[in-house]
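Visitor: Need a 3D model of the following:
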Amino acid sequence: MGSMTSPTLRPIIVALDVDTKADALKCVDRLGANVDVFKVGLQLFSREGFPVVDAIIAGGKKVFVDLKLHDIPNTVSHAVEALAKPGVEFITLHASGGEEMMQAAAGSLKKIRAGNERVTTRLLAVTVLTSLDDSDLRQIGVDHSVAGQVLNLSRVARSAGMDGLVASPQEVALLRSEHDRHFVIVTPGVRPASGNVQDQKRVMTPSQAMKEGSDFLVMGRSLLDAPDPQKMLQDVLAEIGR
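Guide: Below is the predicted model:
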């Protein structure tokens, strides 16, 4: 079981981009020796719900519940109440939901953590999805570049009481120049030098992302689809360690 103090968590988070609880638990079993946190996103949660989250926690691992909440403040604060519990390390919500929505979520979490010291849940604001680029933002009426929008949303998120951000590797250095290490940065879109980029437009290698200032790296399909996921994971951890 990982220690309750989060800084000791290992930096690779494995995204369980699979359809079933059985497949998810197989991945946890296979990779758990080198991984403390597993990410349950929309794909898996929509099919399996809380039982898969509970099963991962029961196995001594922490879960990153990645549902990117985005709704009116009252609804999001109730969703956070339902999701935050011992073993759930991160919950995501969209920074573009605005300051009031994020404040409501932070207020809910604060109450829960005050009532149960075993809850170490932290809220991460999603800035701009890694599948979007400048032209996608223009299309939906955002005047900023991706980098400008990420920085803008990061400031709103921090002032609203978020614990950190999800941001692509390309924006990490920019964000680190603005925010100290108390503000966690979790980075998807990392691919080993040999990896395939798939549908994400803003990617980087793991060691580059850590050098730029990421705290945690999320690896999903690039790892799960590798011929030998354990070996790839060990290689990535060794590369980061160097």
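Visitor: can you give me the helices for this structure?
Guide: 21-31, 42-48, 50-58, 73-83, 99-115, 134-139, 146-159, 169-178, 206-212, 221-224, 229-241 (DSSP state H).
Visitor: Tell me which of those helices lies nearest to Leu67.
Guide: Leu67 lies closest, by CB to CB, to one member of the helices of the chain: helix 42-48, at 6.1 Å. For the C-beta atoms, the positions are set from N, CA and C on the backbone; glycine is no exception.
Visitor: Ser108: neighbour count?
Guide: By other CB atoms under 10 Å, 22 other residues sit near Ser108.
Visitor: Let me see the contact set for it.
Guide: Ser77, His78, Val80, Glu81, Ala84 (CB atoms under 8 Å, 6 or more residues apart in numbering).
Visitor: of those, closest to Leu175?
Guide: Leu175 has its nearest neighbour among these in Val80, at 23.1 Å by CB to CB.
Visitor: right, and the closest one touches Asp71 too?
Guide: No: Val80 sits out of contact with Asp71 when judged by CB atoms under 8 Å, with a separation of 11.0 Å.
Visitor: more crowded one of those two?
Guide: Comparing Val80 with Asp71 by other CB under 10 Å, the one with more neighbours is Val80, at 23 against 14.
Visitor: Which residues lie in contact with that one in this structure?
Guide: Listed by CB under 8 Å, 6+ apart, the contact set of Val80 reads Leu69, Ile91, Leu93, Ala105, Ser108, Leu109, Ile112, Leu123.
Visitor: and the contacts of Ser108 as a markdown table, adding distance to Ala173 and pLDDT?
Guide: Below are these laid out as a markdown table (distance: CB to CB, whole Å; pLDDT from 0 to 100):
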| residue | distance to Ala173 | pLDDT |
| --- | --- | --- |
| Ser77 | 33 | 98 |
| His78 | 36 | 98 |
| Val80 | 30 | 98 |
| Glu81 | 35 | 97 |
| Ala84 | 31 | 98 |
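Visitor: From those, list just the buried residues.
Guide: With burial judged by 16 or more other CB atoms under 10 Å, the buried subset of the contacts of Ser108 is Ser77, Val80, Ala84.
Visitor: Any chance of those in CSV with distance to Asp134 as columns?
Guide: What follows is those, written out as CSV (distance: CB to CB, whole Å):
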residue, distance to Asp134
Ser77, 33
Val80, 32
Ala84, 35
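Visitor: Pick the one among these closest to Thr127.
Guide: Closest approach to Thr127 among these (CB to CB): Val80, at 18.7 Å.
Visitor: what separates that closest one from Leu124, distance-wise?
Guide: Taking CB to CB, to the nearest Å as the measure, Val80 falls 12 Å from Leu124.
Visitor: what's the overlap in contacts for those two?
Guide: By CB under 8 Å, 6+ apart, the residues touching both Val80 and Leu124 are Ile91, Leu93.
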